[in-house]
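Visitor: with the sequence up front, the predicted model follows.
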Amino acid sequence: MAQDLQDDLELVAAGHDYDFEFDDAVGNGFRASGGASRYQPDTEVNDTSAREYRQGKDMQGIPWERLNYSRDQYRQTRLKQYKNYQSLARPRDAQGKELQRSERRDAFYDFHLNTRHVKPTIVHFQLRNLVWATSKHDVYVMQNYSVMHWSSLLRRGKEVLSVAGQVTPNQVIYLPQSNVIILYRRDVRSISDPLCDLDMQGGRPLSRVQISTMMVKDNLLAAGGFHGELICKYVDQPGAAFCTNLTGNKKSITNAVEIYESPNGSTRVMAANNDCVVRTFDTEKYSLLTQFPFAWSVNNMSVSPDGKLLAVLGDSSDCLIADSASGKEIASLRGHADYSFASAWHPDGRVLATGNQDRTCRLWDVRNPSEAFAVLEGRIGAVRGLRFSPDGRFLAAAEPADFVCVYDVAAGYARAQEIDLFGEIAGVFFSPDDGAEALFVGVADRTYGSLLEFRRRRRHAYLDCYL
């Protein structure tokens, strides 16, 4: 993947005259500039409720009435000027014949709330796994040098992990080479301290980590860093449970992390890096269990629901399915024309979705992986985020900016809802309840960075008017 570090995004309130521009340095991002800028404190930030949206307020709070063009006019400009990032200059003519046409006029989810009290940020323009939900009320987002928890019930944000300073593990650690158990103190003040001289399996202190990817499952948070770091933390406990630098190479960014349950029932953490290696740790002693080398940088990986299969995607147009225990290749998935950065397994474990910079999402039946059974196309850019709903009814596909498409799986992906917004998309996630009652979308933007919440449309949705 490209080694392109983006400056930290921040909330900036522009003056009375807005001039929306394309920010090519961060992947054609949406921003406001012009006029006298000043910092706008949270007390002045206005959230947008479902009622306000129904009464005509813009979903993101963009004051179109004060601009020289309408929302529709600006949308047309974006569609014409947005340039999709490509790593491989290959002809894409053949893709058109494979594409499945989907009607994007359905409405499975209704807008519920937009809050700017948490503002997702993006470290690397190709990595967008920065929004995770553990319930329909609990969402975690990466914001500058912090992981923030947002309670949609209390309408309150709270920092659960800070990586702006030194990060040290605070629990018993097992060193498998020497068969020694060490109690790692959190009061270590210097990296030169003898207690800090641990190998990778034992962990080591980190400092000022730029979080490139993350995952939260149940009570465990795993975060990867721009220089190859890995941090694990229990969200209800202070400090980090484990942290280390996986590669020792500052250019080997941690591209993806995965928390999953192995076939024997144990919880494991997996990390993929630019050094072409996928590593697996247990979560009891945080000892290194496996290291699987591949022929190219691994940009994304995901484990099947039963814990037996591993999808591996990276700096190749081919994707792999491997045995999660041995790393042995089982199948090669061919059809994409560029590098892949997103994958998701259907809850039944039989379907794998892969997202690519060729602007497509391909769907594979792992029982017959010779070719994709469906190819879905993005509107303006690469498919950088994929999520199946827990009940398997929907697939959400997020592009780098502006569009999230929610496909109806039961309709053979022929029906879809298109969520149209403005800004770089930091992540998308369904709430993990059986009905997937909430869908969260993180937007990274200097002015309109926010977290948007959508609620599953039900027959009695009119009751929302009382919220």
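Guide: Alright, I've got the coordinates. Numbers count the residues shown, from 1 in each chain.
Visitor: give the buried residues for the longest helix seen in the chain.
Guide: The longest helix of the chain (DSSP state H) is helix 71-81. Buried residues in helix 71-81, counted by 16 or more other Cβ atoms under 10 Å: Tyr74, Arg78. Heads up, the C-betas are built off the backbone N, CA and C, glycines and all.
Visitor: distance of Glu229 from Ser252?
Guide: Note on Glu229: its distance to Ser252, by Cβ to Cβ, to the nearest Å, is 10 Å.
Visitor: overlap of the contact sets of these two?
Guide: Here Glu229 and Ser252 have Leu246 as joint contacts, going by Cβ atoms under 8 Å, 6 or more residues apart in numbering.
Visitor: who's more crowded, these two?
Guide: Neighbours were counted for Glu229 and for Ser252 using other Cβ atoms under 10 Å; Glu229 has more, 25 against 20.
Visitor: ok, the more buried one touching Gly248?
Guide: No. With contact defined as Cβ atoms under 8 Å, Glu229 and Gly248 do not form a contacting pair (10.8 Å).
Visitor: helices along this protein, start to end?
Guide: According to DSSP H, the helices that the chain contains are 50-54, 71-81, 95-98.
Visitor: how much space separates the closest residue to Asp47 other than its chain neighbours from Gly412?
Guide: Nearest residue to Asp47, sequence neighbours excluded (Cβ to Cβ, 6 or more residues apart in numbering): Thr115, at 4.6 Å. For Thr115, the distance to Gly412 equals 35 Å [Cβ to Cβ].
Visitor: also Arg458?
Guide: For Arg458, the distance to Gly412 equals 23 Å [Cβ to Cβ].
Visitor: also Glu159?
Guide: In terms of Cβ to Cβ, Glu159 sits 43 Å off from Gly412.
Visitor: and for Thr254?
Guide: 36 Å.
Visitor: who's more crowded, the two?
Guide: Just comparing Thr254 and Gly412: by other Cβ under 10 Å the higher neighbour count belongs to Thr254, 30 against 13.
Visitor: pull the contacting residues for the more buried one.
Guide: Going by Cβ under 8 Å, 6+ apart, Thr254 touches Ser212, Thr213, Gly224, Gly225, Phe226, Gly228, Glu229, Leu230, Leu246, Ala271, Ala272, Asn273.
Visitor: tell me the pLDDT of it.
Guide: pLDDT recorded at Thr254 is 97.
Visitor: who's the nearest residue to it once chain neighbours are set aside bridged to?
Guide: Excluding the flanking residues, the one nearest Thr254 by Cβ to Cβ, 6+ apart is Gly224, at 2.8 Å. Per DSSP bridges, the residues bridged to Gly224 are Thr213, Leu230.
Visitor: pLDDT value on Gly224, please?
Guide: pLDDT for Gly224: 97.
Visitor: isn't it up against Gln210?
Guide: No. In this structure, Gly224 is not within contact of Gln210 by Cβ under 8 Å, at 10.0 Å.
Visitor: neighbour-wise, which of these two wins?
Guide: Counted by other Cβ under 10 Å, Gly224 and Gln210 do not tie: Gly224 has more neighbours, with 28 against 20.
Visitor: so which residues of the stretch 151-300 of the chain form strands?
Guide: Assigned by DSSP state E, counting those that start in this stretch, the strands in the stretch 151-300 of the chain fall at 156-162, 166-167, 172-175, 180-183, 206-207, 211-217, 220-225, 229-234, 242-245, 254-261, 267-273, 277-282, 288-293, 298-303.
Visitor: now tabulate those strands in CSV and tack on distance to Ala344.
Guide: Below are the strands of the stretch 151-300 of the chain laid out as CSV (distance: least, Cβ to Cβ, whole Å):
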stretch, distance to Ala344
strand 156-162, 24
strand 166-167, 29
strand 172-175, 33
strand 180-183, 38
strand 206-207, 29
strand 211-217, 13
strand 220-225, 17
strand 229-234, 22
strand 242-245, 26
strand 254-261, 11
strand 267-273, 15
strand 277-282, 17
strand 288-293, 20
strand 298-303, 6
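Visitor: thanks a lot, see you next time.
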